[in-house]
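S.K.: Have a look at this prediction, sequence included:
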Amino acid sequence: MSYEAAVAMLNRRGVKIEDIADIVYQLQQVYHPLLTKQDCIDSVKAVLGKREVQYTLFTGVALDELAERKLLPQPLQAIMEADEPLYGVDETLALGITNVYGMIGLTSFGYLDKEKKGVIANLNNKKNEIHVFLDDLVSGLAAAASARIAHRYKGAKTYPDGLGSSGS
């Protein structure tokens, strides 16, 4: 139920799983030569399948929607309308998603937060809607899905285990 609700919420806000998968592919294809778009879609779906990710998404999008309706108390309403650069709560919430798959998720999130790839740029540049949280949440989803692929990639280098074997 929560997975379907999360996907429906993303769709309602103009974000498709395939949009996030495009970003995941951009992040990982250079390291993973046999990566397919379907691998990326599957990884995004796996991340969205985690309840803690769903709850984070529900919380951030609800705040964006309340701000659009001007239902937040001041000064929070003004901060959200301005997308105040020093607010930082949006990034903090999204980091909960990236942390599901470790440090590589964190570094990918930082990159996406600065570079604003694909649908993230679209969300960040919309002036008639508030996406203070959603652009960062999508960055977090993409970073986590990318990290998930990196962790599962069987073609990663192996290193000696210190016991005389090659570790493979």
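M.R.: Received it, and whenever you're ready, just let me know what you need. Numbering: from 1, shown residues only.
S.K.: Return, as residue ranges, the portions of the chain with sub-threshold pLDDT.
M.R.: 155-168 (pLDDT under 70).
S.K.: if we go to 90?
M.R.: Along the chain, the parts satisfying pLDDT under 90 run over 1, 33, 99-102, 124-128, 151-168.
S.K.: which residues in it form helices?
M.R.: 2-12, 17-28, 37-48, 51-68, 76-82, 89-98, 103-115, 119-125, 134-152 (DSSP state H).
S.K.: just the ones you listed: most buried one?
M.R.: Comparing the helices of the chain by mean neighbour count (mean count of other CB atoms under 10 Å), helix 134-152 comes out on top with a mean of 27. C-beta coordinates here come from the backbone N, C-alpha and C atoms, glycine included.
S.K.: any idea of the angle that one forms with helix 17-28?
M.R.: Using axes from the mean of the first three to the mean of the last three CA atoms, to 10 degrees, the inter-axis angle of helix 134-152 relative to helix 17-28 is 60 degrees.
S.K.: from the middle of its chain, how far away would helix 134-152 be?
M.R.: Relative to the centre of its chain, helix 134-152 is centred 4 Å away, using CA atoms, centre = their mean, to the nearest Å.
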